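Trainee: 3D model of this:
(one chain, ligands or ions: 1)
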Amino acid sequence: MTKMLASVTGVEEAEIALSGQVDIIDLKNPSAGALGAAALETIRATVVSVDGRRPVSAVAGDLPMQPEVIRARVEEIAATGVDYVKIGFFPSSENAACAAALEPIARRVKLVAVLFADLGTDFALLPVLAGHGFHGVMVDTARKGGGRLLDHMAVARVDAFVAAAKANGLMVGLAGSLEAPDVPRLLPFAPDFLGFRGALCAAAGRTGAIDADAVVKIRALIPEEASAARSAGVDYRLLAARGYAPGSIDPTLGTDRIFVRDFVLPVEIGAYSFEHGHTQKVRFDVSADVLRVTERPEDMRHVVSYDIIMDGIRAIVARGHVELSETLAEQVAALVLESPRVVRVVVRVEKLELGPGGVGVEIERKRADSKAARKGPSASDARPGRAGDERKGALP
Ligand SMILES: O=C[C@H](O)COP(=O)(O)O
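Mentor: Got it, this is the predicted structure:
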């Protein structure tokens, strides 16, 4: 299950976050920078006021990477009674020493290291953190206003980061000026939580006050059904991608067609030996017929995002060499059909460097039973490979 973390300034904003069903209350002073710490008395008062209704975390502040300075500060924050302390790990040769200095505290309180996408994320730190008893790790952005997480970290790297953190037994979170359209893009990677501040504030931005409506809107984008899916042992990624399918869809609404056109990427592809060991340009054109859920689409809950198609293609391509255009086209079609609202997809894969013009393949795949999609997701629909099996019976 992916949880929602909201950074708040104190008791008042914590109550707004609680009313909006936020999962983790995170104390921070946004006016003091990306990791500005709230005052100790504010943290204490919020812990008392939240009173166990949700876990509470607090950031340690924008600290120099000096083991003794960080240890002393984290000790103070841990003493406030928070469940988690978030500690910024800015690039430094002292990172391992700082993690080691915190090991005694990690036995008493859950420590979460914060890495920064815009400063460079060092995957080698993950086993070090795990070895010193850290509970989790997250990636955020240090320069607020300087771009969103995905501006600094390619989706394939986000995927790898989440996987590496989990492989080290660490809880993993993603944050960094996330906006509503980022949510469906990041959920398929199955992070343990997504963190927000700016997107929860009204027009004033992240240093303004949290807005109750904005909290509710973001909360609605993070499906709570995923908890049941994970405990049932099904493929979480599929259900997460399906989070935008409501329980029932009015069949009279019909379908819309979303598309990605002229999406060109360098791809390691080809069956000839001269095509191995390097990339060539490949153009992807994808269109998908998507069941409509409302006559008045207003927010991300009502759409299947074309970002998911582009992110998925990037992730597939990042896996390495593919022999055939047909294989690539099938993989992309399968990915798009993971969304239960997609009833038909057309994928064209075109190699651009082999001839005077493009060469490639276009395939059309349909969901075998579009009525199943209209009923919404179920655990049995989400078994890995199931979508592909269904499609085999549906080839035109
Ligand atoms: O821990 C999460 C951060 O507070 C996210 O803040 P932001 O959404 O303004 O980047």
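
Trainee: Tell me the secondary structure of the residue nearest to residue 148 when sequence neighbours are not counted, please.
Mentor: Distances taken as CB to CB, 6 or more residues apart in numbering place residue 177 nearest to residue 148, at 4.5 Å, with adjacent residues excluded. Quick note: C-beta positions are derived from backbone N, CA and C, even for glycine. Applying DSSP: H, G, I helix; E, B strand; the rest coil to residue 177 yields a three-state assignment of coil.

Trainee: And residue 284, by the same measure?
Mentor: Per three-state DSSP, residue 284 ends up strand.

Trainee: check contacts around it.
Mentor: 260, 263-265, 313, 332, 347-350 (CB atoms under 8 Å, 6 or more residues apart in numbering).

Trainee: out of the residues you listed, which are buried?
Mentor: 260, 263, 313, 332, 347-350 (16 or more other CB atoms under 10 Å).

Trainee: Keep only those of these that are in helices.
Mentor: 313, 332 (DSSP state H).

Trainee: Lowest-confidence entry in the buried ones among the contacts of residue 284?
Mentor: In terms of pLDDT, residue 313 ranks lowest among the buried ones among the contacts of residue 284, with 92.

Trainee: So the residue nearest to residue 148 sits against residue 147, correct?
Mentor: Yes: between residue 177 and residue 147 there is a contact under CB atoms under 8 Å: 6.9 Å.

Trainee: Would you mind grabbing the residues shared as contacts by these two?
Mentor: residue 141.

Trainee: Assumed residue 165 was part of a helix.
Mentor: Yes: judged by three-state DSSP, residue 165 forms part of a helix.

Trainee: which SS state does residue 195 fall under?
Mentor: Going by three-state DSSP: residue 195 is strand.

Trainee: Who is it paired with across the strands?
Mentor: residue 5 (DSSP bridges).

Trainee: Which of the buried ones among the contacts of residue 284 fall within strands?
Mentor: Among the buried ones among the contacts of residue 284, the residues falling in strands (DSSP state E) are 260, 263, 347-350.

Trainee: Redo those residues as TSV? Include distance to residue 167.
Mentor: What follows is these, written out as TSV (distance: CB to CB, whole Å):
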residue	distance to residue 167
260	31
263	30
347	31
348	36
349	31
350	36
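
Trainee: ok, so of those residues, who is nearest the ligand?
Mentor: Nearest to the ligand among these, counting by CB to the nearest ligand atom, is residue 260 at 26.8 Å.

Trainee: Pretty sure that closest one sits against residue 306.
Mentor: Yes: Residue 260 lies in contact with residue 306 (CB under 8 Å); the separation is 5.3 Å.

Trainee: Give me the below-cutoff pLDDT ranges for this protein.
Mentor: 225-249, 369-396 (pLDDT under 70).

Trainee: quick check: domain ranges of it?
Mentor: 3-222, 241-392 (automatic domain parsing).

Trainee: Out of these, indicate the one that is most buried.
Mentor: domain 3-222 (a mean of 19; mean count of other CB atoms under 10 Å).

Trainee: quick revisit: tabulate the buried ones among the contacts of residue 284 (JSON lines), appending distance to residue 323.
Mentor: Putting the buried ones among the contacts of residue 284 into JSON lines (distance: CB to CB, whole Å) gives the following:
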{"residue": "260", "distance to residue 323": "23"}
{"residue": "263", "distance to residue 323": "21"}
{"residue": "313", "distance to residue 323": "17"}
{"residue": "332", "distance to residue 323": "15"}
{"residue": "347", "distance to residue 323": "17"}
{"residue": "348", "distance to residue 323": "18"}
{"residue": "349", "distance to residue 323": "12"}
{"residue": "350", "distance to residue 323": "16"}
